[in-house]
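Asker: One predicted model, sequence on top.
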Amino acid sequence: MPANELRFTEAREFRFAGFTLDLRQGRLWGTTGDVQLRPKAFALLAYMVQNSGRVLSKAELLDAVWPDVTVTEDSLAQCIHALRSALGDAGPGLVKTVPRRGYFFDHHIGEGRFAEGGSRASRAERPAVAVLKPGSIAVMPLDVGPSVSVQDRTWFDGVINDVISQLARLRSFDVIARGSTFALRDFTADPLQAGIRLGVDYVVAGSVDPHGEGFLVRTDLVRTDTGTILWTDEIWVKREGLLTLVGALVDRIIVSVLSQIAKTERNRARFVPDQSLTAWQAFHRGLEAFGVYSEPTLMRARAYLTRATELDPGFVRAFAALSECQACLSRTHFCKDGKAEAAAARRTAEIAMRLDEAAPSAQFAYAHARWSNGAPDIALAHARKSVELSPSFAEGFAEIGFYNSMYNDPQAAFADLARAEVLSPINPFIDSVHIDRAVAHLQARAFDEAAFWATKAVKKSESYPQMQITGAIVLAAAGRLDQAVTIVRTLRHENAVYDPLKIMKPPFNIAGPARDFLLNAIHAIEE
């Protein structure tokens, strides 16, 4: 072990500016409880605290925090920024920049040793251990056997490079740079060890073997803290025309990784007591509730997402999700003041935009909020920006497809909605995508296809009354009046609350040929 490498096994605690740093437990807490730090930010703080009172060069800090891993000074700068933010108002005064020399931890440090049974403060008096905010991921180069040519190996490296780029552009996770993961190519067969060295929560790793007229590509997603494989995939790709398969292979890896990580994080958050939730956990609890369209679940989603933003005022995705939830609530029959809720959605989306305009989720939230407030042209521009920022951002494609289906650009809607479904096949709002496809087919006067997609939407078990009535109206417009009437009778028997004319009213205001088809269908159903 290098002389300057951190040694967390020592039972030491350090106190400064109202904080206590415990190197044995890997914890930092202040007057309000535990402070959430990612592993590398914690390692940086520990090293700086242990070496307080002297200037630490960038090279020394890089060697200490990223031993045996090649990273750029940008990684250090980001870590410094995260550390200062976590320390709050005291951060800039504690972690100081010394121009052209490095960094300096400027505070008198108090320290002490724990006895095995306790410390100056008993273990029972200490706050519960906080779970660090997860979401960091490393995508390793594929383990390519010696029988694979240099040219083909370069092609597979390009695939992994695209996966890294697309995941980074989503800004949903901290994604380790290509230089760092490729520097650990020798660890491709041991993703767990690579993940530990890089200090990440998840590792994507795999292998390539010649097989017949092509290659067998195996990919695993490994959870670092448990060492378990969350997902594994195997696909055969034909040698001929490899370049044309890049997009499909990248999509397949990204879709699987995103869905599995989301599932894992929601499962982990589900069993945490409310009073102990971190911002990340509250965010995932909110997303889970948001996936079910009802008054109690939407209100619960808003509460959890609000809490996530309060726990972490810089959490862009939480602000974006909260804005979307508020916009959704503004259009429900149980919302007491739809205009106020829509206005709140816009304000929340503006916060997300101020935090990070390059985040696709922020652009999407702002688009949805502006549409909810009656500005569809502005909304479409920002929805398009979201997918320009990340071609893997499913919600952006779904939003664009919705606008195009509503306002009479069916051909564009078909492509965007199909792309959204490829990128998010288990989207809890997939029935909305199906309805949008149905409306787009009405715009194109393709009535059989419209009926097919409307039927698919209303058959989804989670389809709520407003979606059911919209599907029924589309079915009637497509010439399936009997099927539509059956749905309406069921809704009336269940005393369901819905508005047949909702799609004609703001902010929907459907245009194009579909508007007349749907109006006529509403009259036919009511008769």
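Answerer: Good, I have the coordinates.
Asker: pretty sure residue 472 belongs to a helix, no?
Answerer: Yes - Residue 472 sits within a helix when classified using DSSP: H, G, I helix; E, B strand; the rest coil.
Asker: residues touching the closest residue to residue 348 other than its chain neighbours, list them.
Answerer: Closest residue to residue 348 apart from its sequence neighbours, by C-beta to C-beta, 6 or more residues apart in numbering: residue 323 at 3.9 Å. For the C-beta atoms, the positions are set from N, CA and C on the backbone; glycine is no exception. Residues near residue 323 by C-beta atoms under 8 Å, 6 or more residues apart in numbering: 345, 346, 348, 349, 352, 365, 366, 368, 369.
Asker: if you set the cut-off to 7 Å instead, what comes out?
Answerer: Each residue near residue 323 by C-beta atoms under 7 Å, 6 or more residues apart in numbering is listed here: 345, 348, 349, 352, 365, 369.
Asker: After the helix or strand hosting it, heading C-terminal, what element do we hit next?
Answerer: Using DSSP states H and E, residue 323 falls within helix 316-330. The C-terminal neighbour of helix 316-330 among helices and strands, as given by DSSP H and E, is helix 338-355.
Asker: Show me what that next one is packed up against.
Answerer: Here helix 338-355 touches helix 316-330, helix 360-372, going by 3 or more C-beta pairs under 7 Å, 6 or more residues apart in numbering; DSSP states H and E.
Asker: CA atoms only for the helix holding residue 323, dumped as PDB, please.
Answerer: The C-alpha coordinates for helix 316-330 follow below in PDB (Å, rounded to 0.1, in the frame of the first residue of the first chain):
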ATOM      1  CA  VAL A 316     -31.900  17.900 -10.400                       C
ATOM      2  CA  ARG A 317     -33.700  14.600 -11.100                       C
ATOM      3  CA  ALA A 318     -35.800  15.000  -8.000                       C
ATOM      4  CA  PHE A 319     -36.900  18.500  -9.000                       C
ATOM      5  CA  ALA A 320     -37.700  17.300 -12.500                       C
ATOM      6  CA  ALA A 321     -39.800  14.400 -11.200                       C
ATOM      7  CA  LEU A 322     -41.500  16.700  -8.700                       C
ATOM      8  CA  SER A 323     -42.400  19.100 -11.400                       C
ATOM      9  CA  GLU A 324     -43.800  16.300 -13.600                       C
ATOM     10  CA  CYS A 325     -45.900  15.000 -10.600                       C
ATOM     11  CA  GLN A 326     -47.200  18.500 -10.000                       C
ATOM     12  CA  ALA A 327     -48.100  18.900 -13.700                       C
ATOM     13  CA  CYS A 328     -49.900  15.600 -13.600                       C
ATOM     14  CA  LEU A 329     -51.800  16.500 -10.500                       C
ATOM     15  CA  SER A 330     -52.900  19.800 -12.000                       C
END
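Asker: so how far does stretch 221-234 reach from one end to the other?
Answerer: 12 Å (C-alpha to C-alpha, to the nearest Å).
Asker: before we move on, what about stretch 27-42?
Answerer: OK, stretch 27-42 end separation, C-alpha to C-alpha: 8 Å.
Asker: Buried residues, it. List them.
Answerer: By neighbour count on 16 or more other C-beta atoms under 10 Å, the buried set for stretch 27-42 is 27-30, 34-42.
Asker: from the residues you listed, which is closest to residue 65?
Answerer: residue 40 (5.8 Å; C-beta to C-beta).
Asker: related to what we said a few turns ago, so which of the buried residues of stretch 27-42 comes closest to residue 180?
Answerer: Nearest member of the buried residues of stretch 27-42 to residue 180, counting by C-beta to C-beta, is residue 40, at 11.1 Å.
Asker: just to confirm, which helix or strand has the closest one in it?
Answerer: helix 39-50.
Asker: Please compute how far that helix lies from its chain's middle.
Answerer: 27 Å (C-alpha atoms, centre = their mean, to the nearest Å).
Asker: Run through who's touching that helix.
Answerer: For helix 39-50, using C-beta under 7 Å, 6+ apart, the contacting residues are 6, 14, 16, 21, 23, 26, 28, 37, 56, 61, 64-65, 79, 82-83, 86, 95, 103, 105, 109, 132, 199.
Asker: Next: stretch 350-358.
Answerer: Against stretch 350-358 from outside (C-beta under 7 Å, 6+ apart): 171, 314, 316, 319, 320, 323, 359, 362, 365, 366, 389.
Asker: what's near enough to touch the residue nearest to residue 265 when sequence neighbours are not counted?
Answerer: Of all residues not flanking residue 265 in the chain, residue 284 sits nearest, at 4.9 Å (C-beta to C-beta, 6+ apart). Residues near residue 284 by C-beta under 7 Å, 6+ apart: 265, 266, 269.
Asker: Which members of the residues you listed are positioned in helices?
Answerer: 265, 266, 269 (DSSP state H).
Asker: Tell me the one among those residues nearest to residue 526.
Answerer: residue 266 (41.6 Å).
Asker: who's in contact with the closest one?
Answerer: Residue 266 neighbours (C-beta under 7 Å, 6+ apart): 284, 287, 288.
Asker: SS state for the residue positioned nearest the centre of the chain?
Answerer: The centre of the chain sits closest to residue 172, judged by C-alpha atoms, centre = their mean, with a distance of 4.0 Å. Counting by three-state DSSP, the backbone at residue 172 sits in coil.
Asker: Residue 525 now?
Answerer: helix.
Asker: Quick check: next helix or strand after the helix holding residue 40?
Answerer: helix 58-65.
Asker: which other helices and strands contact that next one?
Answerer: So helix 58-65, by 3+ C-beta pairs under 7 Å, 6+ apart, packs with helix 39-50, helix 73-86.
Asker: still on that earlier bit, in what element of secondary structure is the residue nearest to residue 265 found?
Answerer: Going by DSSP H and E, residue 284 is part of helix 279-290.
Asker: I'd like the next helix or strand past that helix.
Answerer: Heading C-terminal from helix 279-290, the first helix or strand you meet, by DSSP H and E, is helix 295-311.
Asker: Just want the angle from that following helix to helix 279-290.
Answerer: Angle of helix 295-311 versus helix 279-290, following axes from the mean of the first three to the mean of the last three C-alpha atoms, to 10 degrees, is 160 degrees.
Asker: And helix 295-311, what's buried?
Answerer: 298, 300, 301, 302, 303, 304, 305, 306, 307, 308, 309, 311.
Asker: what's the spacing between it and its chain's center?
Answerer: Offset of helix 295-311 from its chain centre (C-alpha atoms, centre = their mean): 16 Å.
Asker: Do a quick rundown of the strands in the stretch 51-200 of the chain.
Answerer: 95-98, 102-105, 110-113, 136-139, 143-144, 174-175 (DSSP state E, counting those that start in this stretch).
Asker: hmm, which of the contacts of helix 39-50 are the buried ones?
Answerer: Using 16+ other C-beta under 10 Å, the buried ones in those are 6, 14, 16, 21, 23, 28, 37, 56, 61, 64-65, 79, 82-83, 86, 95, 103, 105, 132, 199.
Asker: which stretches of the stretch 1-150 of the chain have low pLDDT?
Answerer: Along the stretch 1-150 of the chain, the model assigns pLDDT under 70 to residues 1-12, 24-25, 68-70, 108-134.
Asker: Same check on the chain?
Answerer: 1-12, 24-25, 68-70, 108-134, 426, 461-462, 527.
Asker: run the last query once more with 50
Answerer: For the chain, the stretches with pLDDT under 50 are 1-11, 111-133.
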